[in-house]
Structures are given as C-alpha cells and as structure tokens.
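[1] Got a sequence here, can you model it:
(one chain, ligands or ions: 2)
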Amino acid sequence: MSDQCLFCSIVAGNVPSVKVAEDDTTYAFMDINPGSDGHMLVIPKRHSKDLFEIPADDLTAVTLAAQRIAKAAVAEFDADGVNLLNCCGADAWQTVFHFHLHVIPRYVDKTRDRLVLPWQPGTPGDIEAIVTLGSRLSATLDGRLSATLD
Ligand code: 5GP
Ligand code: ZN
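    Numbers count the residues shown, from 1 in each chain. Ligands and ions are numbered 1, 2, ... in the order given. Presented below is the predicted three-dimensional model:
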C-alpha cells in the first residue's frame, strides 16, 4: 500500500467509495466521473503503478473480475455492449497511478452514454508504415507472445 495513492486509500477504507464487489485480491467500485451509466473501476488490492508493473497474478485476477462485472452490468443495466479500458502513462490518459481497468457499459441511448471514439474509424493507414511497424515489433518479440516482455 502506498500512503500517497488514492486507490490504495479507497481499498483501505480511508477514502469513501461505492463498492460493487471485492475478493481477496481485487476491488471494484463506481467511477466518480462516469463516462456512461454504470461506469466502474476494477483494481488489484496490492499497489501496482500501471500495466507494465502489475504482476501476472494480479493482472489475471483483475481481468477475470472485470469480465464478470461486465457481464453482470450489461444484464442488470440493460446495456447494449461494454468497453474495457486501461490507460498506461499520463500521455495515454492515465491520471491515477494505481493499475485499474475501466468497465464501461455502452448504450445506444445517448442520454446514458457520453463516450465517443477517440479516433476516426475506417480511416485507412499508410500500408508501408503498418507493415514496417508490425515487422519491427514481430522481430523484437521474436514472433512469440508467451515470453515475458521485459
Ligand atoms: P485514468 O484516467 O487513470 O484511466 O482513470 C482514473 C479514473 O478514476 C477516472 O475515470 C476518474 O473519474 C476516477 N476517479 C478519480 N478520483 C476518484 C475518486 O476519488 N473516486 C472514484 N470512485 N473514482 C475516481
Ligand atoms: Zn495504490
């Protein structure tokens, strides 16, 4: 636990939150500035700063919890879909530096949903750049996904 961390303080009960569910390793609560009706956050109880730092067991637990919560939210709120979002780094919109997954129910009814896509869907990219970047990363990863990414 980090004394300076808002979400550690929420887990410890020192900052109030609207809890949705918890278990030994994860905690889910309502986002205070919801992008849609029912916007929630799922976090590990153990402090990790971000996606790069979180241990595999906590990441697995948070992801599985988010899946369960997403299913329940879509059913309970009669949502039309759901987005999971993680922001890693200030330039990628991270504002709280304790790993979290946003679970954001989505609605056709825009009175319940204020989200818009941050890129223009269907805008074709430069195929040469796509191939170059894909090849570079494939070489870095040696084409494998199972190895640890350090
Ligand atoms: P990020 O921008 O880091 O991906 O997301 C941080 C989220 O935490 C934001 O959606 C923000 O609304 C939420 N948040 C910030 N402070 C609080 C708080 O004190 N309580 C709750 N429940 N959510 C918060
Ligand atoms: Zn923390």
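
[2] Please tell me how far the nearest residue to Ile10 once chain neighbours are set aside sits from ligand 2.
    Using Cβ to Cβ, 6 or more residues apart in numbering and skipping the chain neighbours, the partner closest in space to Ile10 is Ser17 (4.6 Å). The way it works is simple: take the backbone N, C-alpha and C, and place the C-beta from them, glycine included. Per Cβ to the ion, to the nearest Å, Ser17 is found 13 Å from ligand 2.

[3] Now do the longest helix anywhere in the chain: which elements does it pack against?
    What stands out as the longest helix in the chain, according to DSSP state H, is helix 56-77. Other elements packing on helix 56-77 under the criterion 3 or more Cβ pairs under 8 Å, 6 or more residues apart in numbering; DSSP states H and E are strand 19-22, strand 26-30, strand 40-44, strand 81-85, strand 101-106.

[4] Can you lay out those as TSV showing mean pLDDT and mean neighbour count?
    Supplementary listing: these in TSV, determined by pLDDT from 0 to 100; neighbours: other Cβ atoms under 10 Å:
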stretch	mean pLDDT	mean neighbour count
strand 19-22	98	15
strand 26-30	98	20
strand 40-44	98	25
strand 81-85	98	15
strand 101-106	98	23
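
[5] which one of those strands lies closest to Ile130?
    Shortest distance between Ile130 and the helices and strands packed on helix 56-77, using Cβ to Cβ, is found for strand 81-85: 23.3 Å.

[6] Please save the CA atoms from that closest one in PDB.
    The C-alpha coordinates for strand 81-85 follow below in PDB (Å, rounded to 0.1, in the frame of the first residue of the first chain):
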ATOM      1  CA  GLY A  81     -22.300  -3.500 -25.000                       C
ATOM      2  CA  VAL A  82     -19.300  -2.800 -22.800                       C
ATOM      3  CA  ASN A  83     -15.800  -1.400 -23.200                       C
ATOM      4  CA  LEU A  84     -12.800  -2.400 -21.000                       C
ATOM      5  CA  LEU A  85     -10.200   0.400 -21.000                       C
END
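
[7] what's it packed up against?
    Against strand 81-85 (3+ Cβ pairs under 8 Å, 6+ apart) you get helix 56-77, strand 101-106.

[8] partners of it, with directions?
    strand 101-106 (antiparallel) (DSSP bridges).

[9] Run through who's touching the strand it pairs with.
    By Cβ atoms under 8 Å, 6 or more residues apart in numbering, the list of residues contacting strand 101-106 from outside reads 28, 31, 35-43, 62-63, 66, 69-70, 73-74, 77, 79-86, 113, 115.
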